[in-house]
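Chemist: Any chance you could fold what I've pasted below:
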Amino acid sequence: MHSRKPSTAGDNPVRLPSREPASPMSKETLRGHFLDDGAFRDSQAAFRTSFSWKSPFQWLSARLVCLRSIQALRLIIAISAATILLQTVLYSVDHSDMLFQSSIPASANESIVADDSSLVGVIPVEPNKAQPTAPSLFVPSFESPPAPKSDIVLISTLFGESVTKPHLRFFLKSVEDCGVDVLLIGSPALNLPLPRNVRHVYLSWEGLWERVKQRLPECSLDVKERAGIRQYKVIDIKPLYGLLFADEIAGYERWGHIDNDLLIGDTRNFLTPQMMSKDIISGLYHKNTWGPFTIFRNIPKVNLLFRRAPQLCEMLRDTEPWGFDEKFGKDGNNMHEIIGKALQDPSLGLTIHRGVPVGWDGKDYNGYKTCEMKCPPQSNPGPCKLIRRCRQQKSGAKKCWVLGYGNIGPEMEVILCHFQYGKGSVNERLAAMSTTELEALYKHDFLLQDREKGFRVPDPKYIQERKEEQRQHDELWDDSDSEVK
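Modeler: Presented below is the predicted three-dimensional model:
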């Protein structure tokens, strides 16, 4: 090893600090040095004897400056991180719809409806292609539900094969300008364009029962057990919509349950101020509720009427439908009887209007009834007009029975046409048509529908006469109405 060369007298030697310990200082002395600048300067000379190259206080001061610089740097980093986090949160709020759509499967994304001034297009789903598994429960977005466009929202559920039924497109066509909002709930995702007043919430069959279980924990429902039951059981859940979908209907004055195997007309125009002053509007004059169409005021005392059922949990646990939404549930376990008793309770002050002009495709002594749907052209949007007409019998009878209004003339505008009995044959006829024929039928502004012939375009003579005459013409009805072949 090389030894250090001794320094000469002419060199400027580097003085190393002494290894001898410095004189101890009390805490009071150190505190005084920190607080008194004069004492700090005086201390330099006293300590140079122990540390020849620099004062320990100079060293401490340098360290303090360094520490303060590090703390300042940390503070700057923390402020920068907080700024970036705040910008990220603000961006998430502004683009929550994009973030939400990217968080669920594509098949569910297609049914999320944006608010637009025109029809909302959806990305077509390739048939026979396996779709990603959607979440069992509806995933809430980062923002509140869209603001209501109307004071009423009608709820209809779609599960399984019902999503693909051909008649569904006619329902959507009729509902486009009905004056109220429509909420479709179910799965799979809809492969159809949705009108701007229609919103779809993706919810599986099991997810629906999961909501029932969460809202009514006292019933101890087995969700897995309900996976394979008939989806017609949904009729027992309709009266619970006000509770189950409280978030989705928030902001609406009223909500209602409605079937989708029907055509709907100028709904809001039919609901007069006298009707709207009531807590419940039933579609039929002889029922307090009607499954295809009933409207409720969106308030707790009305939304929770179903809890008055004597065997509510037993009904929900049963895998068979009870008909809870109308008057068929046994032993008072139906909304017709529950509402009837509630109307007699002065503490509730409940009010009801029974009967609106509706029609159906049943058969009575005047034969099968026919619904005429006249929709305005796309260039001049407006509500579709539904006219209920009866076939004239050989006996000369010209009156027909329209539910809720008794005997009326052979022609009358109605709020809806329910093809309850003929939807099977209607869908069979529609399914047998070619794509070109179906498209022509969907786009036509003037359609007829009845139980015997289904949906069809009337012959040109019929259309021309109906445009020229705005009054009843029984002689216009003819069996020669042409069907789309």
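
Chemist: As a check, name the ranges of all helices in the stretch 251-400 of the chain.
Modeler: Under the criterion DSSP state H, counting those that start in this stretch, helices of the stretch 251-400 of the chain are mapped to 267-270, 273-276, 300-303, 312-317, 335-343.

Chemist: Turn the ones you listed into JSON lines, including mean pLDDT, distance to Ile152 and mean neighbour count.
Modeler: The C-beta positions use only the backbone N, C-alpha and C, and glycine is treated the same way. Formatted as JSON lines, those follow (pLDDT from 0 to 100; distance: least, C-beta to C-beta, whole Å; neighbours: other C-beta atoms under 10 Å):
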{"stretch": "helix 267-270", "mean pLDDT": "92", "distance to Ile152": "7", "mean neighbour count": "18"}
{"stretch": "helix 273-276", "mean pLDDT": "95", "distance to Ile152": "9", "mean neighbour count": "11"}
{"stretch": "helix 300-303", "mean pLDDT": "97", "distance to Ile152": "14", "mean neighbour count": "16"}
{"stretch": "helix 312-317", "mean pLDDT": "95", "distance to Ile152": "27", "mean neighbour count": "17"}
{"stretch": "helix 335-343", "mean pLDDT": "97", "distance to Ile152": "19", "mean neighbour count": "20"}
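
Chemist: Make JSON lines out of the ones you listed and add distance to Gln231.
Modeler: Below are these laid out as JSON lines (distance: least, C-beta to C-beta, whole Å):
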{"stretch": "helix 267-270", "distance to Gln231": "26"}
{"stretch": "helix 273-276", "distance to Gln231": "31"}
{"stretch": "helix 300-303", "distance to Gln231": "23"}
{"stretch": "helix 312-317", "distance to Gln231": "15"}
{"stretch": "helix 335-343", "distance to Gln231": "20"}
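
Chemist: Looking at the ones you listed, which is nearest to Gln378?
Modeler: Closest to Gln378 of the helices of the stretch 251-400 of the chain is helix 267-270 (C-beta to C-beta; 20.1 Å).

Chemist: helices and strands around the closest one, which ones?
Modeler: Here helix 267-270 touches strand 152-159, going by 3 or more C-beta pairs under 8 Å, 6 or more residues apart in numbering; DSSP states H and E.

Chemist: got the CA positions of the helix or strand that comes right after the strand it packs on in CSV?
Modeler: Going down the chain from strand 152-159, the next helix or strand is helix 167-175, by DSSP states H and E. Output in CSV follows, covering the C-alpha atoms of helix 167-175 (Å, rounded to 0.1, in the frame of the first residue of the first chain):
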residue,chain,number,x,y,z
HIS,A,167,-94.9,-7.8,-33.0
LEU,A,168,-92.4,-5.9,-30.7
ARG,A,169,-91.4,-3.6,-33.6
PHE,A,170,-95.0,-2.5,-34.1
PHE,A,171,-95.2,-1.7,-30.4
LEU,A,172,-92.1,0.5,-30.6
LYS,A,173,-93.5,2.2,-33.7
SER,A,174,-96.8,3.0,-32.0
VAL,A,175,-95.1,4.3,-28.8
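
Chemist: tilt between helix 167-175 and strand 152-159?
Modeler: In terms of direction (axes from the mean of the first three to the mean of the last three C-alpha atoms, to 10 degrees), helix 167-175 departs from strand 152-159 by 170 degrees.

Chemist: Mean confidence (pLDDT) on the next helix-or-strand element following helix 167-175, please.
Modeler: Downstream of helix 167-175, the first helix or strand assigned by DSSP H and E is strand 181-187. Mean pLDDT, strand 181-187: 96.

Chemist: just to revisit the earlier point, figure out which of the helices of the stretch 251-400 of the chain is closest to Leu221.
Modeler: helix 312-317 (6.2 Å).

Chemist: Identify the residues contacting that closest one?
Modeler: 212, 216, 218-222, 236-237, 306, 309, 322, 324, 329, 333 (C-beta atoms under 8 Å, 6 or more residues apart in numbering).

Chemist: Check these for burial and list the buried ones.
Modeler: With burial judged by 16 or more other C-beta atoms under 10 Å, the buried subset of the contacts of helix 312-317 is 212, 216, 221, 236-237, 306, 309, 322, 324, 329, 333.

Chemist: from those residues, which is closest to Ser277?
Modeler: Phe306 (22.9 Å).

Chemist: pretty sure the closest one contacts Glu337?
Modeler: No: Phe306 is beyond contact range of Glu337, at 11.8 Å (criterion: C-beta atoms under 8 Å).

Chemist: Start and end of stretch 337-355, how far apart?
Modeler: 17 Å (C-alpha to C-alpha, to the nearest Å).

Chemist: Render the CA-only coordinates of stretch 344-354 in PDB, please.
Modeler: This file holds the C-alpha atoms of stretch 344-354, laid out as PDB (Å, rounded to 0.1, in the frame of the first residue of the first chain):
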ATOM      1  CA  GLN A 344    -112.300   2.300   2.200                       C
ATOM      2  CA  ASP A 345    -109.400   3.300   4.500                       C
ATOM      3  CA  PRO A 346    -110.000   7.100   5.300                       C
ATOM      4  CA  SER A 347    -106.500   7.400   6.600                       C
ATOM      5  CA  LEU A 348    -105.100   6.800   3.200                       C
ATOM      6  CA  GLY A 349    -107.400   9.100   1.200                       C
ATOM      7  CA  LEU A 350    -106.800   7.000  -1.900                       C
ATOM      8  CA  THR A 351    -108.600   7.900  -5.200                       C
ATOM      9  CA  ILE A 352    -109.000   6.000  -8.400                       C
ATOM     10  CA  HIS A 353    -110.300   6.400 -12.000                       C
ATOM     11  CA  ARG A 354    -111.600   3.200 -13.700                       C
END
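
Chemist: Can you list the buried residues in it?
Modeler: Going by neighbour count (16+ other C-beta under 10 Å), the buried part of stretch 344-354 is 350, 352-354.

Chemist: so can I have JSON lines of the residues you listed showing pLDDT and distance to Ile249?
Modeler: Shown next, in JSON lines, are the buried residues of stretch 344-354 (pLDDT from 0 to 100; distance: C-beta to C-beta, whole Å):
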{"residue": "Leu350", "pLDDT": "97", "distance to Ile249": "19"}
{"residue": "Ile352", "pLDDT": "97", "distance to Ile249": "20"}
{"residue": "His353", "pLDDT": "97", "distance to Ile249": "20"}
{"residue": "Arg354", "pLDDT": "95", "distance to Ile249": "23"}
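
Chemist: could you dump these to a markdown table with distance to Ile387?
Modeler: Below are the buried residues of stretch 344-354 laid out as a markdown table (distance: C-beta to C-beta, whole Å):
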| residue | distance to Ile387 |
| --- | --- |
| Leu350 | 34 |
| Ile352 | 28 |
| His353 | 23 |
| Arg354 | 23 |
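
Chemist: sorry, back to before: can you say which of the helices of the stretch 251-400 of the chain is nearest to Ala82?
Modeler: Nearest to Ala82 among the helices of the stretch 251-400 of the chain is helix 300-303; the distance by C-beta to C-beta comes to 42.0 Å.
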